[in-house]
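K.L.:
generate coordinates for the sequence data below:
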Amino acid sequence: MILTVTLNAALDDTYEVPDARTGEVNRVAAVHRRPGGKGVNVARILHGLGHEVAAAGLAGGTTGAGIEAGLASLGVPAAFTRTAGESRRTVTVVAAEVTVFNEPGPAVTAAEWDAFARDYGRLARDAEVVVLSGSLPPGVPPDAYARLARLADAPVILDADGEALRLGLAGRPEIVKPNAAELARATGAADPAAGIRALRGAGAVVASLGADGVLAATPDGVLRAALDRPEPGNPTGAGDALAAGLAAGLADGLPWPERLRRAVALAAGAVRSPVAGEVDAATLPALLARVTVRSGEGRAEGGPCRSRP
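P.N.:
This next block holds a predicted model:
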């Protein structure tokens with residue numbers, strides 16, 4: 001079982017507005033409402049691909065109940081710890097460009113955090129992989145991810161930003177997955193190649209570079225993986241799909257070249273979807289065939305993508 005943790009879960013509203021204009025009244029062509037937050041998106045993607053998952057985190061109020069009900073309707077197993085504060089909402093406007101509005105989330109009390117830590121400890125005992133993703137709501141300790149990583153007996157993937165990322169490295173995660181901006185903030189290095197070497201504390205660093213794919217510092221050396229050409233669409237959930245691919249590859253024991261190939265293909269599949277947290281599995285074989293994995297020096301790595309062992 002892959003356990004995902006979303007301490008700042010949300011209800012995500014996605015508006016498709018092809019001709020959006022600021023300062024004017026806009027007509028929404030389509031509305032999509034889903035349970036969200038980075039770890040929730042990871043769980044939804046993995047569940048859709050047939051992996052055994054459990055989504056944990058904090059949820060409160062009417063919005064929190066909506067998150068839980070939404071996951072139940074999708075068949076995604078969930079075990080959220082309740083809070084008195086109302087869970088947040090996010091709004092994504094998909095037009096010529098994608099604009100995202102993220103609420104900060106509810107204040108979490110010390111008692112609520114302690115209750116979550118106990119619930120998490122029980123769930124983590126059965127996990128093959130743990131994915132810790134997203135922002136921390138007010139009141140959660142800034143080193144929360146380091147604490148949770150230490151409690152897990154399974155390898156941990158950390159996808160966070162700012163102080164949550166920097167302090168989370170003390171928990172020695174197996175993989176840390178920043179995007180280019182997060183990596184630069186964490187290391188002060190504008191060049192991702194320098195950044196992945198400077199980020200200390202994880203077994204591997206996988207930096208997502210948007211349309212340029214990923215750059216990874218792994219035990220097998222520095223690897224680059226990318227599609228032959230960028231995919232147009234909504235990139236909002238691409239990083240979560242990348243984390244899902246890394247978690248699945250880790251659980252399946254795949255070698256790094258294939259692990260990155262599958263993760264990049266999943267991220268591209270997420271870009272094709274108007275809604276974060278969804279990938280059409282039927283598109284993956286064609287996307288996998290378009291991913292090239294090379295060493296940091298430019299040599300091709302790994303053979304054709306193999307089936308799951």
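K.L.:
how about the most centrally placed residue in the chain, nearest residue that isn't a chain neighbour?
P.N.:
In the chain, the centroid-proximal residue (CA atoms, centre = their mean) is Asp240; its distance is 2.7 Å. Among residues not flanking Asp240 along the chain, Asn41 sits closest, at 3.8 Å (CB to CB, 6 or more residues apart in numbering). Where you see a C-beta, it was placed from the backbone N, CA and C, and this is true even at glycine.
K.L.:
which residues does the one you found contact?
P.N.:
133, 237, 240-241, 244, 276-277 (CB atoms under 8 Å, 6 or more residues apart in numbering).
K.L.:
hmm, which of those is lowest in pLDDT?
P.N.:
Least confident of the contacts of Asn41 in the model: Ala276, at 76.
K.L.:
if I look at that residue, how far off is Val91?
P.N.:
12 Å (CB to CB, to the nearest Å).
K.L.:
give me the common contacts of the two.
P.N.:
In contact with both Ala276 and Val91: Thr14, using CB under 8 Å, 6+ apart.
K.L.:
please say which of the two ends up with more neighbours.
P.N.:
Using other CB atoms under 10 Å as the criterion, Ala276 and Val91 rank with Ala276 on top: 28 against 15.
K.L.:
tell me where the model's unsure across the protein.
P.N.:
Within the chain, the stretches with pLDDT under 70 are 297-309.
K.L.:
quick one, longest helix in it?
P.N.:
helix 256-272 (DSSP state H).
K.L.:
against which helices or strands is that helix packed?
P.N.:
Packing partners of helix 256-272 (3 or more CB pairs under 8 Å, 6 or more residues apart in numbering; DSSP states H and E): strand 204-208, strand 214-218, strand 221-227, helix 238-252, helix 284-289, strand 291-295.
K.L.:
and the angle for it with strand 204-208?
P.N.:
30 degrees (axes from the mean of the first three to the mean of the last three CA atoms, to 10 degrees).
K.L.:
helix 238-252 and helix 256-272, what's the angle between them?
P.N.:
Orientation note: helix 256-272 sits at an angle of 150 degrees relative to helix 238-252 (the same axes, to 10 degrees).
K.L.:
only alpha carbons, please: show helix 256-272 as CSV.
P.N.:
In CSV, the C-alpha atoms belonging to helix 256-272 read as follows (Å, rounded to 0.1, in the frame of the first residue of the first chain):
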residue,chain,number,x,y,z
TRP,A,256,16.0,4.5,-12.0
PRO,A,257,15.9,5.0,-15.8
GLU,A,258,12.5,3.2,-16.1
ARG,A,259,11.2,4.9,-12.9
LEU,A,260,11.9,8.3,-14.4
ARG,A,261,10.5,7.3,-17.8
ARG,A,262,7.2,6.3,-16.2
ALA,A,263,7.0,9.3,-14.0
VAL,A,264,7.6,11.7,-16.9
ALA,A,265,4.9,9.9,-19.0
LEU,A,266,2.4,10.2,-16.1
ALA,A,267,3.2,13.9,-15.7
ALA,A,268,2.5,14.4,-19.4
GLY,A,269,-0.7,12.5,-19.1
ALA,A,270,-1.8,14.8,-16.3
VAL,A,271,-1.1,17.9,-18.5
ARG,A,272,-3.6,16.5,-21.0
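K.L.:
for stretch 10-24, which positions count as buried?
P.N.:
Across stretch 10-24, burial judged by 16 or more other CB atoms under 10 Å covers 10-17, 20.
K.L.:
in CSV, list those along with distance to Gly168 and secondary structure.
P.N.:
Shown next, in CSV, are the buried residues of stretch 10-24 (distance: CB to CB, whole Å; DSSP: H, G, I helix; E, B strand; the rest coil):
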residue, distance to Gly168, secondary structure
Ala10, 20, strand
Leu11, 25, strand
Asp12, 24, strand
Asp13, 29, strand
Thr14, 28, strand
Tyr15, 32, strand
Glu16, 34, strand
Val17, 36, coil
Ala20, 36, coil
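K.L.:
next, the buried residues of stretch 277-284.
P.N.:
Using 16+ other CB under 10 Å as the test for burial, stretch 277-284 gives 277-279, 283-284.
K.L.:
from these, pick the one nearest Gly171.
P.N.:
Of all the buried residues of stretch 277-284, Gly277 has the smallest distance to Gly171: 25.2 Å, by CB to CB.
K.L.:
before I go, just wanted to say thanks for your time.
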